[in-house]
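>>> Return a 3D structure for these sequence lines:
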Amino acid sequence: MQLDDSNRLNEIIRLGSELNEIQDEDILLERILFEARKFVGADAGSIQIRDGDELVFRNVQTDSLQRKLPPGHKLIYTSLRIPINRKSLSGYAATTGELLNIPDVYEIPEEAPYRFDRSYDKKSDYRTTSMLTVPLKTNRNDIIGVMQIINAMDGPEGVRPFSREDELYVRHFAGSASMILQRAQMTRALILRMISMAELRDPKETGAHVNRVASYSVELYEKWAHNHRVPPDQLEKNRDVLRMAAMLHDVGKVAISDLILKKPARFTEEEYQVMKSHTFQGARLFMHRQSEFDEVAATVAMRHHENWDGTGYPGHVDPETGEPLEPDSKGNPAPLRGEEIPLFGRIVALADVYDALSSQRVYKSAWAEKDVLEEIRKSAGTKFDPELVEVFFDTLEVLRSVAARYPDRH
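Okay, here's the model as predicted:
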(Lines give C-alpha, C1' and ligand atoms only; values in the text may rest on other atoms or scores of the structure.)
Protein backbone atom coordinates (compact mmCIF):
# COMPACT_ATOMS: atom_id res chain seq x y z
CA MET A 1 0.00 0.00 0.00
CA GLN A 2 1.39 3.41 -1.02
CA LEU A 3 2.26 5.89 1.74
CA ASP A 4 0.91 9.45 1.50
CA ASP A 5 3.30 12.37 1.00
CA SER A 6 3.14 13.53 4.63
CA ASN A 7 4.48 10.19 5.84
CA ARG A 8 7.03 9.29 3.18
CA LEU A 9 9.90 11.57 4.27
CA ASN A 10 9.49 10.55 7.90
CA GLU A 11 9.47 6.93 6.79
CA ILE A 12 12.71 7.37 4.82
CA ILE A 13 14.43 8.83 7.89
CA ARG A 14 13.10 6.05 10.14
CA LEU A 15 14.08 3.35 7.67
CA GLY A 16 17.62 4.66 7.39
CA SER A 17 18.12 3.86 11.06
CA GLU A 18 16.33 0.50 10.79
CA LEU A 19 18.20 -0.65 7.70
CA ASN A 20 21.50 0.19 9.36
CA GLU A 21 20.83 -2.61 11.84
CA ILE A 22 20.77 -5.25 9.06
CA GLN A 23 24.21 -6.78 8.62
CA ASP A 24 23.79 -9.27 5.78
CA GLU A 25 23.89 -7.98 2.20
CA ASP A 26 21.25 -10.30 0.71
CA ILE A 27 18.73 -9.67 3.46
CA LEU A 28 19.39 -5.93 3.21
CA LEU A 29 18.76 -6.01 -0.56
CA GLU A 30 15.45 -7.78 -0.01
CA ARG A 31 14.36 -5.19 2.56
CA ILE A 32 15.49 -2.20 0.46
CA LEU A 33 13.46 -3.39 -2.52
CA PHE A 34 10.40 -4.12 -0.39
CA GLU A 35 10.46 -0.68 1.22
CA ALA A 36 11.09 1.16 -2.06
CA ARG A 37 8.07 -0.56 -3.60
CA LYS A 38 5.97 0.32 -0.57
CA PHE A 39 6.82 4.02 -0.92
CA VAL A 40 5.20 4.19 -4.34
CA GLY A 41 2.66 1.35 -4.12
CA ALA A 42 4.43 -0.78 -6.75
CA ASP A 43 3.56 -4.40 -7.48
CA ALA A 44 7.02 -5.64 -8.43
CA GLY A 45 10.70 -4.85 -8.69
CA SER A 46 14.26 -6.10 -8.78
CA ILE A 47 17.69 -5.15 -7.51
CA GLN A 48 20.67 -5.81 -9.73
CA ILE A 49 24.20 -5.51 -8.34
CA ARG A 50 27.24 -4.64 -10.42
CA ASP A 51 29.77 -7.42 -10.96
CA GLY A 52 32.48 -6.17 -13.29
CA ASP A 53 30.85 -5.32 -16.63
CA GLU A 54 27.56 -7.03 -15.77
CA LEU A 55 24.51 -6.54 -13.57
CA VAL A 56 23.43 -9.58 -11.55
CA PHE A 57 19.81 -9.93 -10.42
CA ARG A 58 20.09 -10.39 -6.65
CA ASN A 59 16.48 -9.94 -5.56
CA VAL A 60 13.16 -10.05 -7.41
CA GLN A 61 9.72 -9.41 -5.89
CA THR A 62 6.22 -9.56 -7.44
CA ASP A 63 3.25 -9.24 -5.10
CA SER A 64 0.61 -10.32 -7.64
CA LEU A 65 2.49 -13.55 -8.40
CA GLN A 66 3.33 -14.16 -4.71
CA ARG A 67 -0.37 -13.99 -3.81
CA LYS A 68 -1.05 -16.97 -6.08
CA LEU A 69 1.21 -19.21 -3.99
CA PRO A 70 0.12 -21.16 -0.91
CA PRO A 71 0.85 -19.47 2.47
CA GLY A 72 4.47 -19.87 3.52
CA HIS A 73 5.76 -20.51 -0.02
CA LYS A 74 8.17 -18.18 -1.79
CA LEU A 75 8.36 -16.89 -5.32
CA ILE A 76 11.21 -18.56 -7.20
CA TYR A 77 13.29 -16.46 -9.57
CA THR A 78 16.29 -17.09 -11.77
CA SER A 79 19.44 -15.09 -11.18
CA LEU A 80 20.21 -13.41 -14.51
CA ARG A 81 23.21 -11.46 -15.73
CA ILE A 82 22.95 -8.64 -18.22
CA PRO A 83 25.78 -6.60 -19.77
CA ILE A 84 26.22 -3.00 -18.70
CA ASN A 85 25.58 -1.03 -21.86
CA ARG A 86 22.97 1.40 -23.17
CA LYS A 87 20.80 -1.23 -24.86
CA SER A 88 18.77 -2.29 -21.80
CA LEU A 89 16.99 -0.07 -19.27
CA SER A 90 19.16 -1.28 -16.39
CA GLY A 91 22.33 -1.13 -18.45
CA TYR A 92 21.53 2.42 -19.55
CA ALA A 93 20.98 3.57 -15.95
CA ALA A 94 24.20 1.88 -14.83
CA THR A 95 26.17 3.37 -17.76
CA THR A 96 24.87 6.94 -17.52
CA GLY A 97 23.85 7.22 -13.86
CA GLU A 98 20.45 8.56 -15.00
CA LEU A 99 17.06 7.63 -13.58
CA LEU A 100 14.55 6.38 -16.16
CA ASN A 101 10.81 6.79 -15.67
CA ILE A 102 8.95 4.85 -18.38
CA PRO A 103 5.11 5.03 -18.37
CA ASP A 104 4.80 1.87 -20.53
CA VAL A 105 7.86 -0.21 -21.42
CA TYR A 106 6.01 -1.64 -24.44
CA GLU A 107 5.69 1.90 -25.87
CA ILE A 108 9.31 3.06 -25.70
CA PRO A 109 9.98 5.39 -28.67
CA GLU A 110 11.97 3.95 -31.56
CA GLU A 111 14.61 6.65 -31.23
CA ALA A 112 15.43 5.67 -27.61
CA PRO A 113 18.77 3.83 -27.30
CA TYR A 114 17.35 1.22 -24.89
CA ARG A 115 14.69 -1.47 -25.19
CA PHE A 116 12.65 -3.57 -22.78
CA ASP A 117 13.25 -7.30 -23.14
CA ARG A 118 9.74 -8.75 -23.37
CA SER A 119 11.02 -12.28 -22.86
CA TYR A 120 11.13 -11.64 -19.09
CA ASP A 121 7.36 -11.08 -19.06
CA LYS A 122 6.76 -14.10 -21.26
CA LYS A 123 8.75 -16.41 -18.95
CA SER A 124 6.99 -15.22 -15.81
CA ASP A 125 3.47 -14.74 -17.29
CA TYR A 126 3.50 -11.09 -16.21
CA ARG A 127 2.75 -7.75 -17.88
CA THR A 128 5.23 -5.00 -17.06
CA THR A 129 3.86 -1.52 -17.74
CA SER A 130 5.28 1.40 -15.76
CA MET A 131 8.87 1.20 -14.56
CA LEU A 132 11.29 3.33 -12.55
CA THR A 133 14.92 2.38 -13.12
CA VAL A 134 17.17 3.96 -10.48
CA PRO A 135 20.97 3.75 -10.33
CA LEU A 136 22.42 2.95 -6.89
CA LYS A 137 25.41 5.24 -6.33
CA THR A 138 28.11 5.58 -3.70
CA ASN A 139 29.02 8.96 -2.24
CA ARG A 140 31.72 9.12 -4.95
CA ASN A 141 29.06 8.57 -7.64
CA ASP A 142 30.30 5.06 -8.45
CA ILE A 143 27.44 2.83 -9.64
CA ILE A 144 27.11 -0.28 -7.44
CA GLY A 145 23.83 -1.47 -8.91
CA VAL A 146 20.38 -0.64 -10.22
CA MET A 147 16.94 -0.85 -8.67
CA GLN A 148 13.87 -1.28 -10.87
CA ILE A 149 10.41 -0.56 -9.45
CA ILE A 150 7.60 -1.95 -11.60
CA ASN A 151 3.88 -1.23 -12.03
CA ALA A 152 2.72 1.53 -9.72
CA MET A 153 -0.74 0.30 -8.69
CA ASP A 154 -3.86 2.41 -9.16
CA GLY A 155 -6.43 0.43 -7.21
CA PRO A 156 -6.57 -3.37 -7.00
CA GLU A 157 -6.17 -3.99 -10.75
CA GLY A 158 -5.07 -0.79 -12.48
CA VAL A 159 -1.51 0.36 -13.21
CA ARG A 160 -0.53 4.03 -13.31
CA PRO A 161 2.65 5.79 -14.45
CA PHE A 162 5.15 6.76 -11.76
CA SER A 163 4.80 10.43 -10.85
CA ARG A 164 7.51 13.05 -10.43
CA GLU A 165 6.91 12.80 -6.67
CA ASP A 166 7.53 9.05 -6.86
CA GLU A 167 10.83 9.76 -8.62
CA LEU A 168 11.84 12.21 -5.90
CA TYR A 169 11.13 9.83 -3.01
CA VAL A 170 12.62 6.74 -4.64
CA ARG A 171 15.74 8.69 -5.67
CA HIS A 172 16.15 9.98 -2.12
CA PHE A 173 15.60 6.55 -0.60
CA ALA A 174 17.98 4.93 -3.11
CA GLY A 175 20.69 7.39 -2.09
CA SER A 176 20.32 6.51 1.59
CA ALA A 177 20.03 2.80 0.85
CA SER A 178 23.17 2.83 -1.32
CA MET A 179 25.27 4.10 1.58
CA ILE A 180 23.91 1.38 3.88
CA LEU A 181 24.38 -1.23 1.17
CA GLN A 182 28.05 -0.27 0.82
CA ARG A 183 28.55 -1.02 4.50
CA ALA A 184 26.87 -4.42 4.16
CA GLN A 185 29.04 -5.20 1.13
CA MET A 186 32.14 -4.42 3.17
CA THR A 187 30.90 -6.76 5.92
CA ARG A 188 30.30 -9.51 3.32
CA ALA A 189 33.76 -8.89 1.84
CA LEU A 190 35.38 -9.28 5.28
CA ILE A 191 33.55 -12.56 5.86
CA LEU A 192 34.55 -13.84 2.43
CA ARG A 193 38.17 -12.94 3.16
CA MET A 194 37.96 -15.12 6.26
CA ILE A 195 36.47 -17.85 4.05
CA SER A 196 39.32 -17.37 1.57
CA MET A 197 41.80 -18.03 4.37
CA ALA A 198 39.94 -21.24 5.18
CA GLU A 199 39.85 -22.10 1.45
CA LEU A 200 43.65 -21.91 1.30
CA ARG A 201 43.64 -24.65 3.92
CA ASP A 202 40.57 -26.62 2.79
CA PRO A 203 39.44 -26.49 -0.88
CA LYS A 204 35.86 -27.33 0.14
CA GLU A 205 35.44 -23.96 1.83
CA THR A 206 34.70 -21.87 -1.26
CA GLY A 207 32.73 -18.64 -1.42
CA ALA A 208 30.02 -20.38 -3.47
CA HIS A 209 29.75 -23.22 -0.94
CA VAL A 210 29.36 -20.95 2.07
CA ASN A 211 26.89 -18.68 0.27
CA ARG A 212 24.77 -21.70 -0.63
CA VAL A 213 24.91 -23.15 2.88
CA ALA A 214 24.00 -19.75 4.34
CA SER A 215 21.12 -19.25 1.90
CA TYR A 216 19.79 -22.79 2.41
CA SER A 217 19.93 -22.22 6.16
CA VAL A 218 17.89 -19.02 5.93
CA GLU A 219 15.27 -20.68 3.70
CA LEU A 220 14.95 -23.62 6.11
CA TYR A 221 14.69 -21.28 9.08
CA GLU A 222 12.05 -19.11 7.40
CA LYS A 223 9.83 -22.11 6.68
CA TRP A 224 10.35 -23.48 10.21
CA ALA A 225 9.57 -20.05 11.66
CA HIS A 226 6.41 -19.77 9.56
CA ASN A 227 5.26 -23.18 10.82
CA HIS A 228 5.98 -22.13 14.42
CA ARG A 229 4.40 -18.67 14.02
CA VAL A 230 7.56 -16.82 15.01
CA PRO A 231 6.81 -13.05 15.21
CA PRO A 232 7.95 -11.18 12.06
CA ASP A 233 10.41 -8.90 13.86
CA GLN A 234 12.12 -11.87 15.54
CA LEU A 235 12.19 -13.78 12.25
CA GLU A 236 13.86 -10.86 10.45
CA LYS A 237 16.49 -10.43 13.16
CA ASN A 238 17.27 -14.16 13.23
CA ARG A 239 17.54 -14.42 9.43
CA ASP A 240 20.15 -11.68 9.41
CA VAL A 241 22.48 -13.17 12.03
CA LEU A 242 21.94 -16.77 10.88
CA ARG A 243 22.97 -16.05 7.31
CA MET A 244 26.29 -14.52 8.29
CA ALA A 245 26.95 -17.11 11.00
CA ALA A 246 26.24 -19.99 8.60
CA MET A 247 28.86 -18.66 6.20
CA LEU A 248 31.45 -19.13 8.94
CA HIS A 249 30.38 -22.61 10.09
CA ASP A 250 33.76 -24.21 9.27
CA VAL A 251 36.06 -21.30 10.02
CA GLY A 252 37.68 -23.35 12.83
CA LYS A 253 39.44 -25.43 10.18
CA VAL A 254 42.12 -22.74 10.01
CA ALA A 255 43.41 -24.25 13.27
CA ILE A 256 43.79 -27.78 11.80
CA SER A 257 47.15 -28.98 10.44
CA ASP A 258 47.45 -29.34 6.65
CA LEU A 259 48.73 -32.86 7.22
CA ILE A 260 45.27 -33.76 8.46
CA LEU A 261 43.09 -31.29 6.59
CA LYS A 262 44.47 -32.24 3.16
CA LYS A 263 45.11 -35.91 3.81
CA PRO A 264 43.83 -37.90 0.78
CA ALA A 265 43.32 -41.13 2.75
CA ARG A 266 41.06 -42.01 5.67
CA PHE A 267 41.91 -40.45 9.03
CA THR A 268 43.35 -42.47 11.84
CA GLU A 269 41.33 -42.30 15.06
CA GLU A 270 43.78 -39.79 16.48
CA GLU A 271 43.59 -37.62 13.34
CA TYR A 272 39.81 -37.78 13.41
CA GLN A 273 39.78 -36.49 16.97
CA VAL A 274 41.95 -33.55 15.88
CA MET A 275 39.68 -32.88 12.89
CA LYS A 276 36.63 -32.81 15.14
CA SER A 277 38.24 -30.01 17.14
CA HIS A 278 37.49 -27.51 14.34
CA THR A 279 34.04 -27.15 15.90
CA PHE A 280 35.16 -25.70 19.23
CA GLN A 281 38.17 -24.02 17.61
CA GLY A 282 35.67 -22.10 15.47
CA ALA A 283 33.45 -21.31 18.46
CA ARG A 284 36.52 -20.01 20.29
CA LEU A 285 36.90 -17.22 17.69
CA PHE A 286 33.62 -15.72 18.88
CA MET A 287 34.14 -16.15 22.64
CA HIS A 288 34.46 -12.44 23.46
CA ARG A 289 30.89 -11.76 22.44
CA GLN A 290 29.87 -8.24 21.62
CA SER A 291 26.70 -8.94 19.65
CA GLU A 292 24.05 -11.53 18.93
CA PHE A 293 25.98 -12.42 15.79
CA ASP A 294 28.95 -13.58 17.89
CA GLU A 295 26.65 -15.80 19.94
CA VAL A 296 24.97 -17.37 16.89
CA ALA A 297 28.27 -17.78 15.02
CA ALA A 298 29.77 -19.59 18.03
CA THR A 299 26.70 -21.86 18.25
CA VAL A 300 26.76 -22.72 14.54
CA ALA A 301 30.51 -23.40 14.50
CA MET A 302 30.22 -25.58 17.60
CA ARG A 303 27.07 -27.54 16.75
CA HIS A 304 26.84 -28.07 12.98
CA HIS A 305 28.21 -31.64 13.29
CA GLU A 306 25.86 -32.79 16.03
CA ASN A 307 23.43 -35.58 15.07
CA TRP A 308 19.82 -35.84 16.16
CA ASP A 309 20.43 -39.31 17.63
CA GLY A 310 23.47 -38.25 19.67
CA THR A 311 26.15 -39.79 17.42
CA GLY A 312 27.62 -36.48 16.28
CA TYR A 313 30.34 -34.28 17.79
CA PRO A 314 31.74 -32.53 19.78
CA GLY A 315 29.04 -33.09 22.43
CA HIS A 316 29.31 -31.55 25.89
CA VAL A 317 32.78 -29.99 25.81
CA ASP A 318 34.26 -26.75 27.07
CA PRO A 319 34.86 -24.63 23.94
CA GLU A 320 37.87 -22.95 25.57
CA THR A 321 39.72 -26.18 26.29
CA GLY A 322 37.91 -28.86 24.29
CA GLU A 323 37.72 -30.94 27.47
CA PRO A 324 34.59 -33.04 28.17
CA LEU A 325 32.15 -31.40 30.57
CA GLU A 326 30.18 -34.59 31.27
CA PRO A 327 32.53 -37.48 30.41
CA ASP A 328 31.31 -41.05 30.27
CA SER A 329 33.17 -44.00 31.79
CA LYS A 330 35.71 -43.90 28.92
CA GLY A 331 36.31 -40.18 29.26
CA ASN A 332 34.33 -39.28 26.13
CA PRO A 333 32.05 -36.24 26.25
CA ALA A 334 28.37 -36.91 26.77
CA PRO A 335 26.50 -36.45 23.48
CA LEU A 336 23.94 -33.85 22.54
CA ARG A 337 20.81 -35.27 20.98
CA GLY A 338 17.41 -34.13 19.78
CA GLU A 339 16.34 -30.66 20.84
CA GLU A 340 19.37 -30.34 23.10
CA ILE A 341 21.12 -29.35 19.87
CA PRO A 342 20.43 -25.65 19.21
CA LEU A 343 18.04 -25.04 16.30
CA PHE A 344 20.59 -23.13 14.22
CA GLY A 345 23.10 -25.95 14.62
CA ARG A 346 20.49 -28.46 13.41
CA ILE A 347 19.61 -26.26 10.44
CA VAL A 348 23.20 -25.66 9.29
CA ALA A 349 23.98 -29.37 9.71
CA LEU A 350 21.29 -30.22 7.15
CA ALA A 351 22.21 -27.36 4.80
CA ASP A 352 25.91 -28.29 4.89
CA VAL A 353 25.35 -31.98 4.13
CA TYR A 354 22.90 -31.16 1.32
CA ASP A 355 25.47 -28.93 -0.34
CA ALA A 356 28.39 -31.30 0.26
CA LEU A 357 26.56 -34.24 -1.34
CA SER A 358 25.28 -32.13 -4.24
CA SER A 359 28.62 -30.55 -5.13
CA GLN A 360 31.59 -31.75 -7.11
CA ARG A 361 34.93 -31.68 -5.33
CA VAL A 362 38.47 -32.57 -6.37
CA TYR A 363 38.12 -35.85 -4.47
CA LYS A 364 34.53 -36.78 -5.50
CA SER A 365 31.78 -36.29 -8.05
CA ALA A 366 28.47 -34.66 -7.19
CA TRP A 367 25.80 -37.16 -6.24
CA ALA A 368 22.72 -37.47 -8.43
CA GLU A 369 19.88 -35.44 -6.92
CA LYS A 370 17.67 -38.48 -6.35
CA ASP A 371 20.48 -40.08 -4.30
CA VAL A 372 20.99 -36.90 -2.28
CA LEU A 373 17.28 -36.66 -1.50
CA GLU A 374 17.07 -40.34 -0.61
CA GLU A 375 20.01 -39.98 1.79
CA ILE A 376 18.44 -36.96 3.50
CA ARG A 377 15.06 -38.66 3.78
CA LYS A 378 16.50 -41.81 5.35
CA SER A 379 18.65 -39.73 7.75
CA ALA A 380 15.56 -38.14 9.35
CA GLY A 381 15.55 -39.04 13.03
CA THR A 382 19.16 -40.24 13.03
CA LYS A 383 21.44 -37.58 11.58
CA PHE A 384 18.84 -34.84 11.09
CA ASP A 385 15.92 -33.34 12.97
CA PRO A 386 12.92 -35.10 11.36
CA GLU A 387 10.85 -31.90 11.40
CA LEU A 388 13.59 -30.04 9.54
CA VAL A 389 13.75 -32.83 6.94
CA GLU A 390 10.06 -32.22 6.23
CA VAL A 391 10.78 -28.48 6.03
CA PHE A 392 13.62 -29.26 3.62
CA PHE A 393 11.33 -31.12 1.22
CA ASP A 394 8.69 -28.37 1.50
CA THR A 395 11.28 -25.79 0.38
CA LEU A 396 13.16 -27.92 -2.13
CA GLU A 397 12.21 -25.83 -5.20
CA VAL A 398 13.54 -22.70 -3.51
CA LEU A 399 16.73 -24.50 -2.48
CA ARG A 400 17.29 -25.53 -6.09
CA SER A 401 17.00 -21.89 -7.17
CA VAL A 402 19.57 -20.91 -4.51
CA ALA A 403 22.02 -23.47 -5.92
CA ALA A 404 21.63 -21.89 -9.36
CA ARG A 405 22.32 -18.46 -7.88
CA TYR A 406 25.70 -19.48 -6.43
CA PRO A 407 27.36 -21.88 -8.90
CA ASP A 408 30.84 -23.26 -8.32
CA ARG A 409 33.55 -21.76 -10.52
CA HIS A 410 35.46 -24.70 -11.99
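>>> Okay, helices next: where are they in the stretch 151-300 of the chain?
164-201, 207-227, 232-247, 258-261, 269-276, 278-284, 292-303 (DSSP state H, counting those that start in this stretch).
>>> Select, out of the ones you listed, the one closest to residue 398.
For the helices of the stretch 151-300 of the chain, the distance to residue 398 is smallest for helix 207-227, at 5.2 Å, taking Cβ to Cβ. Just so you know, the C-beta spots here come from the backbone N, C-alpha and C atoms, and that holds for glycine as well.
>>> That closest one: which residues count as buried?
By neighbour count, and taking 16 or more other Cβ atoms under 10 Å as the criterion, the buried residues in helix 207-227 are 207, 209-226.
>>> do the same with stretch 394-409
Neighbour counts using 16+ other Cβ under 10 Å place 394-395, 398-399, 401-403, 405-406 of stretch 394-409 among the buried residues.
>>> between the helices of the stretch 151-300 of the chain, which gets the lowest average pLDDT?
Across the helices of the stretch 151-300 of the chain, the stretch with the lowest average pLDDT is helix 258-261; it has a mean of 82.
>>> list the contacts for residue 331?
When contacts are counted by Cβ atoms under 8 Å, 6 or more residues apart in numbering, residue 331 touches residue 324.
>>> How about residue 403?
212, 355, 358.
>>> could you redo the residues you listed as a markdown table and give each row distance to residue 100?
Written out in a markdown table, the entries for these read as follows (distance: Cβ to Cβ, whole Å):
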| residue | distance to residue 100 |
| --- | --- |
| 212 | 34 |
| 355 | 39 |
| 358 | 40 |
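>>> Among those residues, which one sits closest to residue 174?
Within the set of the contacts of residue 403, residue 212 lies nearest residue 174; the separation is 29.0 Å, counting by Cβ to Cβ.
>>> Isn't that closest one up against residue 407?
No: applying Cβ atoms under 8 Å as the test, residue 212 and residue 407 come out as separate, 9.2 Å apart.
>>> In contact with residue 295, which residues?
Residues in contact with residue 295, defined by Cβ under 8 Å, 6+ apart, are 286, 289.
>>> give me every residue that touches the closest residue to residue 351 other than its chain neighbours.
Nearest residue to residue 351, sequence neighbours excluded (Cβ to Cβ, 6 or more residues apart in numbering): residue 216, at 3.8 Å. Residues counted as contacts of residue 216 (Cβ under 8 Å, 6+ apart) are 350-351, 354-355, 399, 402.
>>> Which two of those have the greatest separation?
Largest separation among the contacts of residue 216 by Cβ to Cβ: 350 and 402, giving 13.6 Å.
>>> Secondary structure element for residue 92, which one?
Using DSSP states H and E, the element containing residue 92 is helix 89-96.
>>> now what about that helix, what contacts it?
48, 50, 55, 82-86, 98-100, 102, 105, 113-116, 131, 133-135, 143, 145-146, 148.
>>> For residue 114, which non-adjacent residue is closest in space?
In space, and not counting its chain neighbours, residue 114 is closest to residue 92: 4.4 Å by Cβ to Cβ, 6+ apart.
>>> Could you do residue 384 as well?
Counting by Cβ to Cβ, 6+ apart, residue 384 lies nearest to residue 350, which is 5.1 Å off, once chain neighbours are set aside.
>>> before we move on, back to that, can you give me the buried ones in the helix holding residue 92?
Buried residues in helix 89-96, counted by 16+ other Cβ under 10 Å: 89-95.
>>> Most widely separated two among the buried residues of stretch 394-409?
394 and 406 (21.1 Å).
>>> still on that earlier bit, could you identify the buried members of the contacts of helix 89-96?
When burial is judged by neighbour count using 16+ other Cβ under 10 Å, the buried members of the contacts of helix 89-96 are 48, 50, 55, 82, 84, 99-100, 102, 105, 114, 116, 131, 133-135, 143, 145-146, 148.
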